[in-house]
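Q: Okay, here's the prediction I keep looking at, along with the sequence it came from:
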Amino acid sequence: MLSLFVMDVSGSTKFDNTAAISHTLVHLTEEIEQWTKDVSFKYINFRMGDELFFVSDSLSATLFTSFYIKLLWPYKSQPIKFGIAASNEEIPTGNLEHWNAPIIKQARRNLTQIKQSDITDFHLTIEEQDVTVINNVLYPYLTEIVHNHSEMQQQVLLLSYVYDQQKEIAQVLGKSLSTISEHLKRSHKKQLMLIEAALTQLDDNNQNTLYIQNTFKEYALC
């Protein structure tokens, strides 16, 4: 199954940080190449100043790449939004810069649908599959969780994907174990794990591991 997302930065020109946002997006394209190194077909491109385009033959890779970008995005006042689409189209060949297909138009329609939303930052369509609950419940809940993260909660959450033990995070940050435990709880890590489990169930061929640890550590400690 072919899947893709179009990601847009809300209010990218609202503050005097367009260069910083562009730098972050360029850096993310390089990092995502490493995350998805085991995905047999994928293409990622930073377009039009504030837009990221990702396509792959792995629905789980597309879903989780958008999920992980959302978790680490550093510009809280300029949230990112995702139009995501999946269909049974053939893998494109040739120059993808000039590729045009119905799935791209669908992803852009999905993005347009939620560009002005203050409830959700994601909209997904999967050909011949009902994902109403994902769009109306799961993604709004994910959006609310991430929007409410404090800087410290986001930092601890990202490091929880890097280190197996909370005591390791405490040592890295020079904080008490109780402080780490409290911030991890307030980051809703357990709820995020349930969301991950639900997204996993959307792809029967979920066989790809995304290598996010180095990136998460970099963003948490920068």
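A: Good, I have the coordinates.

Q: Show me the helices in this protein, by range?
A: 18-35, 59-72, 102-114, 132-133, 139-147, 151-160, 166-173, 177-186, 189-200, 213-221 (DSSP state H).

Q: Comparing the ones you listed, which comes out most buried?
A: Of all these, helix 59-72 has the most neighbours on average by mean count of other C-beta atoms under 10 Å, namely a mean of 23. Heads up, the C-betas are built off the backbone N, CA and C, glycines and all.

Q: Now do that one, average pLDDT.
A: The pLDDT scores in helix 59-72 average 97.

Q: Provide a list of residues in contact with the residue nearest to the spatial centre of the chain.
A: By C-alpha atoms, centre = their mean, the chain has its centre lying nearest to residue 66, at 2.3 Å. Neighbouring residues of residue 66 by C-beta atoms under 8 Å, 6 or more residues apart in numbering: 5, 7, 54, 82, 84, 122.

Q: In JSON lines, list those along with neighbour count.
A: What follows is those, written out as JSON lines (neighbours: other C-beta atoms under 10 Å):
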{"residue": "5", "neighbour count": "25"}
{"residue": "7", "neighbour count": "27"}
{"residue": "54", "neighbour count": "25"}
{"residue": "82", "neighbour count": "27"}
{"residue": "84", "neighbour count": "28"}
{"residue": "122", "neighbour count": "26"}
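
Q: Let me know the closest of those to residue 91.
A: residue 54 (14.1 Å; C-beta to C-beta).

Q: you'd agree the closest one is up against residue 7?
A: Yes - when contacts are counted by C-beta atoms under 8 Å, residue 54 is listed as touching residue 7 (7.5 Å).

Q: I'd like the helices of the chain as a markdown table, with distance to residue 206 appended.
A: Output for these, formatted as a markdown table (distance: least, C-beta to C-beta, whole Å):
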| stretch | distance to residue 206 |
| --- | --- |
| helix 18-35 | 15 |
| helix 59-72 | 4 |
| helix 102-114 | 20 |
| helix 132-133 | 18 |
| helix 139-147 | 18 |
| helix 151-160 | 21 |
| helix 166-173 | 27 |
| helix 177-186 | 25 |
| helix 189-200 | 5 |
| helix 213-221 | 19 |
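
Q: of all the ones you listed, which lies closest to residue 207?
A: The closest approach between residue 207 and any of the helices of the chain, judged by C-beta to C-beta, belongs to helix 59-72 at 7.9 Å.

Q: tilt between the closest one and helix 18-35?
A: On the basis of axes from the mean of the first three to the mean of the last three C-alpha atoms, to 10 degrees, helix 59-72 is oriented at 140 degrees to helix 18-35.

Q: Could you number the chain from 35 rather than 1 from now on?
A: Let's use 35 as the start, then, which means that last one is helix 93-106.

Q: Can you report how many residues neighbour residue 168?
A: 24 (other C-beta atoms under 10 Å).

Q: What are the neighbouring residues in contact with it?
A: Contacts for residue 168 (C-beta under 8 Å, 6+ apart) come out as 158, 232, 233, 236.

Q: tell me the two of those residues that are most distant?
A: Spatially, the most separated pair among the contacts of residue 168 is 158 and 232, at 11.7 Å (C-beta to C-beta).

Q: need the helix or strand of this structure with the lowest average pLDDT.
A: Ranked by mean pLDDT, DSSP states H and E, the helix or strand of the chain with the weakest confidence is strand 76-81, at a mean of 87.

Q: Give me the residues contacting that one.
A: Counting by C-beta under 8 Å, 6+ apart, 56, 59-60, 62-63, 66-67, 70, 86-92, 95, 130-131 sit against strand 76-81.
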